[in-house]
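[1] A structural model of the following input is requested.
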Amino acid sequence: MPVKSTAKAGIGVILQRGNGASPEVFATIANVSQISAGGVTVNMIDATHLDSPDFYAEFIPGLKTADEWTATIGWDPSDPTQNGTTGLRKQMEDRTSATFRMNTAAIGLSESLYAECFVSQLGNIEITPDGLMTQSLTLRPTGAPYMVANA
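    Have a look, this model is predicted:
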């Protein structure tokens, strides 16, 4: 018997940035239209030696790295989550990290993804005559991403 899909549509997921307080308060990044987050890469160390069996390279796992988080945002330099006074641009210019979360509570998932991140890139502002002005955002996690139960 076929199994019914449990996949969810992404509408309702939000990208948020914490303020570092205890308890931490999160602000929703304005106008996010796309998020890519959560990947992890294991660095493979070449352990090949002169007597490796059958002339094949050998590898062992090394350090893990959380992949970059990327997003597309509708560019609004006046929004407090994006501007150079309190927003993403300020965080990038100050070279500080913050806790970001990909909040999935609104779509009924039991956990959301968190990571301590630096803003590593605010890309070019894309402008077309018949589309929204957008900007790419790249976040570089430092340390391990983690899941937290949605309240």
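
[2] who touches the closest residue to Val13 other than its chain neighbours in this structure?
    The shortest distance from Val13 to any residue other than its chain neighbours is 5.4 Å, reached at Thr104 (CB to CB, 6 or more residues apart in numbering). Placement of C-beta: from N, CA and C, glycine included. Shown in contact with Thr104 (CB atoms under 8 Å, 6 or more residues apart in numbering): Lys8, Val13, Glu111, Ser112, Leu113, Asn150.

[3] Which element, helix or strand, includes the residue located most distally from the centre of the chain?
    For the chain, the C-alpha lying farthest from the average C-alpha position belongs to Asp51; by CA atoms, centre = their mean, that distance is 42.3 Å. Asp51 belongs to no helix or strand when assigned by DSSP states H and E.

[4] and if you look at Glu93?
    Glu93 is part of helix 88-94, with elements assigned from DSSP H and E.

[5] hang on, the earlier thing: want to throw the contacts of Thr104 into TSV with secondary structure and distance to Phe55?
    Written out in TSV, the entries for the contacts of Thr104 read as follows (DSSP: H, G, I helix; E, B strand; the rest coil; distance: CB to CB, whole Å):
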residue	secondary structure	distance to Phe55
Lys8	coil	47
Val13	coil	48
Glu111	strand	45
Ser112	strand	47
Leu113	strand	42
Asn150	coil	51
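
[6] I appreciate the help and will end here.
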